[in-house]
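Next come a sequence and a model predicted from it.
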Amino acid sequence: MIAHKLQYICVLVLVSLLIPVSLMAQRGPLRNSRFYRGQSNYGIMRAYVGSGTSTYFGDLCESGDCLRARPMASVGFNYRFTGKFSLRGELAYLRLYGSDVDGKNARRNLSFRSGNMEVSGAAVFDIFQYTKFYSQRQFIRPYVFAGIGLIYTNPRAELNGQWYSLRPLKTEGVEYARIQPVLPYGGGVTFKVSPWLDFSVEVGYRWAFTDYIDDVSTNFVNNSTLPPVAAALADRSHEVGVKPWDTVDGKTWAEGHKRGDPKQNDGYVNVGFKLEYTINPVIRPKTNVWGKTRKPRFGGMQKGGFNPVKRKRR
């Protein structure tokens with residue numbers, strides 16, 4: 001129940017972050033907008049694409065010798081509010097992988113891989129103040145970010161040459177949701193390439209609200225109560241010649257024996273490279289509410305204004 005409530009809260013917060021950005025993108029910035037406050041770098045909108053790697057951390061990888069990077073790609077949109085603060089929305093596809101083979105729990109012999117979709121919104125804070133005009137921004141600009149998002153997960157494992165989705169099998173007798181909240185945070189450095197183009201290098205960690213990104217969290221169940229495929233994927237220690245000492249049938253671990261660590265949730269690190277395009281690098285002239293450029297007003301041309309006397313010809 002708590003996980004479901006957190007999902008709804010995350011969705012509401014995410015929507016509240018993304019809707020204003022979307023509306024402002026459709027409306028377009030006006031120089032007399034309150035977001036500018038007299039500065040030309042406010043209201044700047046940027047779209048970006050990125051690629052990089054994602055590395056899983058969790059029950060199947062608790063030390064550095066088991067880290068495995070997998071590909072990641074992203075697209076996003078950024079709207080600047082002040083000289084140091086902006087909001088962004090991002091959609092990413094990433095792959096995750098974890099295995100006991102090279103870790104400290106090699107005797108457990110569990111593994112997984114998954115293709116995941118992530119949507120997130122984050123607040124971005126620049127370390128250095130932007131210059132007055134966006135086109136004159138610094139060449140190197142470090143930043144930090146933090147936000148909230150959702151990830152769609154589907155852990156799978158291989159058995160006899162065939163891949164199976166682990167969630168429907170309930171290998172620990174637990175039913176968990178495929179969509180889970182995550183908290184993204186991290187930092188990066190942006191480099192100015194041209195007046196319209198930037199290049200960024202970013203490292204961010206995603207702390208998940210679940211311990212089931214890898215389908216491993218709590219204890220072994222009674223294997224005799226599971227379907228054959230689920231039983232084979234729930235306890236695979238016999239495949240590497242391990243004879244469990246805490247057992248009933250002499251082949252599998254007894255019900256209640258520790259399988260994972262529920263005290264620590266899973267997470268992953270994204271290392272990305274982004275190419276950012278500025279949608280509106282030049283500020284438009286000041287306009288009125290009807291979108292027309294304001295015309296100069298002269299006293300002699302207004303009603304009741306001063307009318308100069310015409311000179312007579314000599």
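Perfect, I can see it now. Residues are numbered from 1 along each chain as shown.

Hmm, Gly89 is touching Ser74, no?
No: Gly89 is beyond contact range of Ser74, at 10.8 Å (criterion: C-beta atoms under 8 Å). All C-beta spots, glycine's among them, are computed from the backbone N, C-alpha and C.

Over the host helix or strand of Leu94, what's the mean pLDDT, rounded is fine.
Assessed by DSSP states H and E, Leu94 sits inside strand 85-99. What strand 85-99 shows for mean pLDDT is 96.

Which other helices and strands does that strand contact?
With contacts taken as 3 or more C-beta pairs under 8 Å, 6 or more residues apart in numbering; DSSP states H and E, strand 85-99 sits against helix 2-27, strand 45-57, strand 69-80, strand 111-126, strand 267-278.

Run a quick neighbour tally on Ser120.
Using other C-beta atoms under 10 Å, Ser120 is surrounded by 26 other residues.

Chain neighbours aside, what residue packs nearest to it?
The shortest distance from Ser120 to any non-neighbouring residue, by C-beta to C-beta, 6 or more residues apart in numbering, is to Gly149 (2.8 Å).

that older thread, worst mean pLDDT among the helices and strands packed on strand 85-99?
Of all the helices and strands packed on strand 85-99, the minimum mean pLDDT falls on helix 2-27 (a mean of 45).

residues contacting Glu202?
Glu202 makes contacts with Gly50, Gly52, Gly186, Gly187, Gly188, Val189, Asn270, Val271, Gly272, Phe273, Lys274, as judged by C-beta atoms under 8 Å, 6 or more residues apart in numbering.

if we go to 10 Å?
Glu202 makes contacts with 50, 52, 74, 143, 145, 186-190, 270-274, as judged by C-beta atoms under 10 Å, 6 or more residues apart in numbering.

Now the buried members of those residues.
Those of the contacts of Glu202 that meet the buried threshold are 50, 52, 74, 143, 145, 186-188, 190, 270-272, 274, by 16 or more other C-beta atoms under 10 Å.

what's the spacing between Ser165 and Leu233?
10 Å (C-beta to C-beta, to the nearest Å).

So between the two, which is more surrounded?
Legend: neighbour count by other C-beta under 10 Å for Ser165 and Leu233, higher for Leu233 (22 against 13).

so what's the more buried one closest to, chain neighbours aside?
Ala157 (5.3 Å).

how about Ser120, what does it touch?
Each residue near Ser120 by C-beta under 10 Å, 6+ apart is listed here: 10, 14, 17-18, 74, 76, 88-92, 145, 147-151, 182-184, 204, 206.

Domain map for this protein?
Domain assignment for the chain by automatic domain parsing gives 2-212+264-284, 219-258.

Which stretch among those domains is buried most, on average?
Mean neighbours per residue, mean count of other C-beta atoms under 10 Å, is largest over these for domain 2-212+264-284, with a mean of 17.

Give me the distance from it to the chain's centre.
2 Å (C-alpha atoms, centre = their mean, to the nearest Å).

who touches the closest residue to Lys170 other than its chain neighbours in this structure?
Nearest non-adjacent residue to Lys170, counting by C-beta to C-beta, 6+ apart: Ala230, 6.7 Å away. Residues in contact with Ala230, defined by C-beta under 10 Å, 6+ apart, are Tyr164, Leu166, Pro168, Leu169, Lys170, Thr171, Glu172, Gly173, Val221, Asn223.

before we move on, back to that, ok, the strand holding Leu94: who's next to it in the sheet?
The strands beside strand 85-99 in its sheet (DSSP bridges) come out as strand 69-80 (antiparallel), strand 111-126 (antiparallel).

can you pull out the helices in the stretch 201-314 of the chain?
Taking DSSP state H, counting those that start in this stretch, the helices of the stretch 201-314 of the chain run over residues 228-234.

remind me which residues of it are low pLDDT?
281-314 (pLDDT under 70).

mind redoing it with 80?
Where the stretch 201-314 of the chain drops to pLDDT under 80, the residues are 280-314.

From Trp196, how far out is the residue nearest to the spatial centre of the chain?
Geometric centre of the chain, nearest residue: Ser120, 4.4 Å, by C-alpha atoms, centre = their mean. Distance, Ser120 to Trp196, by C-beta to C-beta: 25 Å.

Check Val216 too.
For Val216, the distance to Trp196 equals 47 Å [C-beta to C-beta].

Arg107: what's it in contact with?
So Arg107 contacts Asp100, Ser237, Val240, Gly241, Val242, Pro244 (C-beta under 10 Å, 6+ apart).

The first one touches Ala157, doesn't it?
No: under the criterion of C-beta atoms under 10 Å, Asp100 makes no contact with Ala157, lying 11.4 Å away.
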